Every structure is written in C-alpha cells, then in structure tokens.
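J.: Here is a sequence together with a model predicted from it:
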Amino acid sequence: MDGVEGISAVKAIHLANQQGLKTYRVTGSNIATVLPILQVSSAVKGDIQNAVNAGKEVLIPEQELQVNDWRGVGYVISDPETGAAGYLISGGFAGGSGTQPSPPGGLERTIQVIGCLFTPEQTDAIAAAITW
C-alpha cells in the first residue's frame, strides 16, 4: 500500500535510540525504580509488571513515540533462562503494525477511510468505540 510505513517493536526501539531516548532493561531488581519513570500507557506498565513477576525481563524505551498516525512504544519481553522473547508494540499488536499519515479531516474522515476497509457493521462498532 502506498504511503503506509510499518512499525515494529525493533523499529520503535531503534527510532527511540535515534531520538536520544533511554532504553531500559527492566528486571525484578530495578522495576520499582524504572516503572514509575516510564512514560507509557498503564496497559503497557501492567504488561511489564506481569512479565517481571513471571521472571521475565523487558527492554523498553523511556517513552512513547509518534510515527505518522501511530503513537505508542515497542518493547521486548524475554525469558533470561531460555532466550525466548515476545516482540510487542502497544495497542496489543505482536511484532508490528502499519502506520500512515492521518487523513485530512480529523476523526470523521478517519471513520470514512475505515468504512472503505470494513463492513458497515464493523465500521459502526469502531466509530462507537472512539471517544469523540
């Protein structure tokens, strides 16, 4: 698709690094210090807390980024015992998602664009979920 730029956990961490943002490795020994200073959603903070409680480590930039119409953070949850890892971006996406410049006309125009991609019932459900 023309004009669509992808975002992934790795790309988000790389972009944060390019912008001079700190990236933290959150562990059981530092979570009490690091978690309060992260400028990310409460959902992401909950993911971090749950992962660390389960013995995992989390690699995450200090704050969210804006990439076109996507705002969020990429992070990696890894198991220090096995090396297995999950690459996540905020919003519940695993690995990555597409971004594109916001369409002119604000949210109403966005709903019109969404209407081209989904059935009328799906579009109505999406529109109802947006806080106007």
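T.: Cool, got the structure.

J.: which residues are contacting stretch 49-63?
T.: The contact list for stretch 49-63 (CB atoms under 8 Å, 6 or more residues apart in numbering) reads 12-13, 16-17, 21-28, 31, 35, 37-40, 44, 47-48, 73-81. (Each C-beta comes from the backbone N, C-alpha and C, glycine too.)

J.: ok, 7 Å please
T.: Here stretch 49-63 makes contact (CB atoms under 7 Å, 6 or more residues apart in numbering) with 13, 16, 21-28, 31, 35, 37-40, 48, 73, 75-80.

J.: ok, now stretch 68-79?
T.: Contact with stretch 68-79 is made by 5, 7-13, 40, 44, 51, 56-61, 64-65, 84-91, 97, 99-102, as judged by CB under 7 Å, 6+ apart.

J.: so where's this protein shaky on pLDDT?
T.: Within the chain, the segments meeting pLDDT under 70 span 1-4, 92-132.

J.: State the number of residues packed around the nearest residue in space to Pro61 that is not next to it in sequence.
T.: Using CB to CB, 6 or more residues apart in numbering and skipping the chain neighbours, the partner closest in space to Pro61 is Ala16 (3.5 Å). With neighbours defined by other CB atoms under 10 Å, the count for Ala16 comes to 20.

J.: Please save the CA atoms from the host helix or strand of Ala16 in PDB.
T.: Element membership for Ala16 (DSSP states H and E) is helix 9-18. What follows is helix 9-18 as a C-alpha-only set of coordinates in PDB (Å, rounded to 0.1, in the frame of the first residue of the first chain):
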ATOM      1  CA  ALA A   9       9.000  -3.500  18.200                       C
ATOM      2  CA  VAL A  10      12.500  -3.400  16.900                       C
ATOM      3  CA  LYS A  11      11.900  -0.400  14.700                       C
ATOM      4  CA  ALA A  12      10.300   1.500  17.600                       C
ATOM      5  CA  ILE A  13      13.300   0.800  19.900                       C
ATOM      6  CA  HIS A  14      15.600   1.800  17.100                       C
ATOM      7  CA  LEU A  15      13.700   5.100  16.500                       C
ATOM      8  CA  ALA A  16      13.800   5.900  20.200                       C
ATOM      9  CA  ASN A  17      17.500   5.400  20.200                       C
ATOM     10  CA  GLN A  18      17.900   7.700  17.200                       C
END
